[in-house]
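In: The following block contains a protein sequence and its predicted model.
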Amino acid sequence: MSSPRPLSLPAIWNMSFGFLGIQFGWGLQMANMSPIYKYLGAADDQISRLWLAAPLTGFIVQPIIGAMSDRTWGPLGRRRPYFLTGAILSSVALLLMPNSGSLAGWLLPNLPKFYFAAVLLWILDASINVSMEPFRAFVADKLPEEQRGLGFAMQSFFIGVGAVVAGLLPYILRNWFHVSSEADGANALPTNVKISFYVGAIAFFSAVMWTVLSTKENPPENMEEFRRKKAESRGFSHLLKETPVA
């Protein structure tokens with residue numbers, strides 16, 4: 001495979017912009033999940049165990065998605081189908097998370113409500129990883145060696161911006177836009193936290209869609225060879241064999 005051609009700074013900005021949305025998802029969950037668990041009735045000693053789903057999910061999902069995206073090619077390219085799939089699932093999870101209490105009472109009436117929030121966190125974490133892991137490989141796909149440092153620096157810039165804005169969003173809504181920070185019922189979240197998750201869902205999907213629509217992917221130079229290798233490594237068992245190496 002020949003080395004990619006150098007890209008302009010606006011092109012590198014566009015291909016990295018989706019990381020802003022991804023970090024919005026991370027930032028909202030990191031800043032707000034412990035308070036959400038407490039609002040839903042979890043004891044302090046239960047919260048640390050409820051957080052275990054997040055790192056375990058990333059540990060499992062990232063190498064699997066990385067291996068799958070390496071052998072994917074379709075109308076949207078190699079990495080962009082995973083960007084889009086992860087963004088859709090993550091946005092849905094972000095929209096549902098502030099309503100965990102009412103959804104738990106409807107779907108799991110015999111279990112503590114914070115268990116439903118833990119399930120949503122697991123789904124959210126898995127979905128974010130579906131989008132995030134191919135973004136790292138995107139830099140190597142799209143940029144020549146001499147520009148990869150700039151590509152990762154651009155991703156880091158959006159990671160920082162997304163983390164800061166997502167973490168401050170409930171504060172911004174309360175103090176700048178006078179959104180109430182009071183809960184509107186038992187086991188309900190404050191209004192500013194709810195709206196923060198809704199804004200996060202829009203930001204996540206919009207930022208990833210910007211990258212999907214503004215950045216094209218080049219097909220493999222030898223498509224027949226690519227299809228032959230894909231056929232040789234087809235099947236879930238082969239994927240599991242690759243995962244420990246990844």
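Out: It's in.
In: drop to CA atoms for contacts and neighbour counts, all remaining ones
Out: Will do.
In: who's in contact with the nearest residue to residue 51 once chain neighbours are set aside?
Out: What sits nearest to residue 51 in space, not counting adjacent residues and going by C-alpha to C-alpha, 6 or more residues apart in numbering, is residue 118, at 7.8 Å. Applying C-alpha atoms under 8 Å, 6 or more residues apart in numbering to residue 118 gives the contacts 50, 51, 53.
In: wait, which of these is closest to residue 172?
Out: Distance ranking of the contacts of residue 118 against residue 172, using C-alpha to C-alpha, places residue 51 first at 26.0 Å.
In: about what we covered before: between the contacts of residue 118, which has the most around it?
Out: With neighbours taken as other C-alpha atoms under 10 Å, the top of these is residue 50, carrying 20 neighbours.
In: just checking, residue 93 is part of a helix?
Out: Yes: assignment of residue 93 by DSSP: H, G, I helix; E, B strand; the rest coil places it within a helix.
In: how deep is it tucked in, by neighbour count?
Out: 23.
In: Relative to residue 144, how far out is the residue lying closest to it once chain neighbours are set aside?
Out: Closest residue to residue 93 in three dimensions, ignoring its sequence neighbours and counting by C-alpha to C-alpha, 6+ apart: residue 124, at 5.5 Å. Using C-alpha to C-alpha, to the nearest Å, residue 124 is found at 33 Å from residue 144.
In: between these two, who's got more neighbours?
Out: In terms of neighbours (other C-alpha under 10 Å), residue 124 is the more surrounded of residue 124 and residue 144; the figures are 26 against 17.
In: Any buried residues in the strand or helix carrying that one, and which?
Out: Using DSSP states H and E, residue 124 maps to helix 113-142. Neighbour-count burial for helix 113-142, with 16 or more other C-alpha atoms under 10 Å as criterion, is recorded at 113-136, 138-142.
In: picking up where we left off before, let me see the contact set for the residue nearest to residue 93.
Out: Contacts of residue 124 (C-alpha under 8 Å, 6+ apart): 89, 90, 93, 94.
In: all helices of the chain, in order?
Out: 9-16, 18-39, 44-50, 53-70, 80-96, 100-107, 113-142, 145-175, 191-214, 223-232, 236-245 (DSSP state H).
In: For residue 181, find the nearest of those helices.
Out: Of these, nearest to residue 181 by C-alpha to C-alpha is helix 191-214, at 5.4 Å.
In: just how off-centre is the closest one within its chain?
Out: Relative to the chain's own centre, helix 191-214 is displaced by 11 Å; criterion: C-alpha atoms, centre = their mean, to the nearest Å.
In: Touching it from outside, list them.
Out: Residues contacting helix 191-214 (C-alpha under 8 Å, 6+ apart): 14-22, 24-25, 28, 32, 80, 83-84, 87-88, 90-92, 94-95, 97-99, 166, 169-171, 173-174, 179-184.
In: mind checking how far residue 161 is from residue 38?
Out: 28 Å.
In: Centre-most residue in this protein?
Out: The chain has residue 128 as the residue nearest its centroid, 2.0 Å off, counting by C-alpha atoms, centre = their mean.
In: Please tell me how far residue 33 sits from residue 74.
Out: From residue 33 over to residue 74 (counting by C-alpha to C-alpha), the distance is 36 Å.
In: actually residue 45, not the one I typed
Out: 47 Å.
In: For residue 54, the count of nearby residues, please.
Out: For residue 54, the count of nearby residues is 17 (other C-alpha under 10 Å).
In: To clarify, my last question referred to residue 177.
Out: Neighbourhood size, residue 177 [other C-alpha under 10 Å]: 10.
In: ditto for residue 74
Out: Residues near residue 74, counting by other C-alpha under 10 Å: 10.
In: what do you get for residue 12?
Out: Residue 12 has 23 nearby residues by other C-alpha under 10 Å.
In: Please list all residues in contact with it.
Out: Residue 12 touches 151, 154, counting by C-alpha under 8 Å, 6+ apart.
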